[in-house]
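Student: Pasting the sequence and the predicted coordinates here, then a few questions.
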Amino acid sequence: VNAPVAAQGSAGDYTIFLDKSTGARLGIDVDHKDGETLLIEVINPGLVQDWNEKGANQEKVRVGDRIIEVNGIAKDVLQLVDECKKNQVLTLKLRRA
């Protein structure tokens with residue numbers, strides 16, 4: 001009875017789907033010093049924590065993981081941040097630490 005909710009990409013990559021259309025906060029603190037990805041430093045109350053608490057059959061976001069793509073946007077940290085601020089459904093591709 002395996003019902004995968006998170007899509008599995010290449011080794012160490014996974015995808016999550018967060019509905020931010022209500023204006024809820026993602027609830028993560030990130031570092032963007034590499035200019036291409038968002039390093040998750042802290043998980044606070046918000047959509048990411050909610051995702052982690054939903055169920056056991058999905059990938060859980062962990063501190064140290066990197067957001068490498070948001071809604072098809074990649075390799076531009078300013079565009080990643082802008083996309084994360086929009087109140088819409090977000091498709092986040094992450095790389096496991």
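Tutor: Cool, the structure landed. Nothing here was measured: the structure is a model prediction, and the numbers come from that model.

Student: could you pull out the strands for the chain?
Tutor: Taking DSSP state E, the strands of the chain run over residues 7-8, 13-19, 28-31, 38-43, 66-70, 73-74, 89-95.

Student: Give me the mean pLDDT for the fourth one.
Tutor: When pLDDT is averaged along strand 38-43, the result is 98.

Student: quick one, it and strand 89-95 angle?
Tutor: 100 degrees (axes from the mean of the first three to the mean of the last three C-alpha atoms, to 10 degrees).

Student: which residues are contacting strand 38-43?
Tutor: 27-33, 48-49, 52, 61-67, 77, 80-81, 84, 94 (C-beta atoms under 8 Å, 6 or more residues apart in numbering). Where C-beta positions appear, they are placed from N, C-alpha and C, glycine not excepted.

Student: Among those residues, name the buried ones.
Tutor: In those, burial by neighbour count holds for 27-28, 30, 48-49, 61, 65-67, 77, 80, 84, 94, counting by 16 or more other C-beta atoms under 10 Å.

Student: What is the most widely separated pair among the residues you listed?
Tutor: In those, two members sit farther apart than any others by C-beta to C-beta. They are 49 and 77, at 22.7 Å.

Student: Hmm, residue 54 and residue 60 touching each other?
Tutor: No. Residue 60 is beyond contact range of residue 54, at 9.3 Å (criterion: C-beta atoms under 8 Å).

Student: more crowded one of those two?
Tutor: residue 60 (16 against 11; other C-beta atoms under 10 Å).

Student: Closest one of the buried ones among the contacts of strand 38-43 to residue 19?
Tutor: Sorting those by how near they are to residue 19, with C-beta to C-beta, puts residue 48 at the top with 12.1 Å.

Student: Next up, the contacts around the closest one.
Tutor: Shown in contact with residue 48 (C-beta under 8 Å, 6+ apart): 18, 26, 27, 28, 40, 61.
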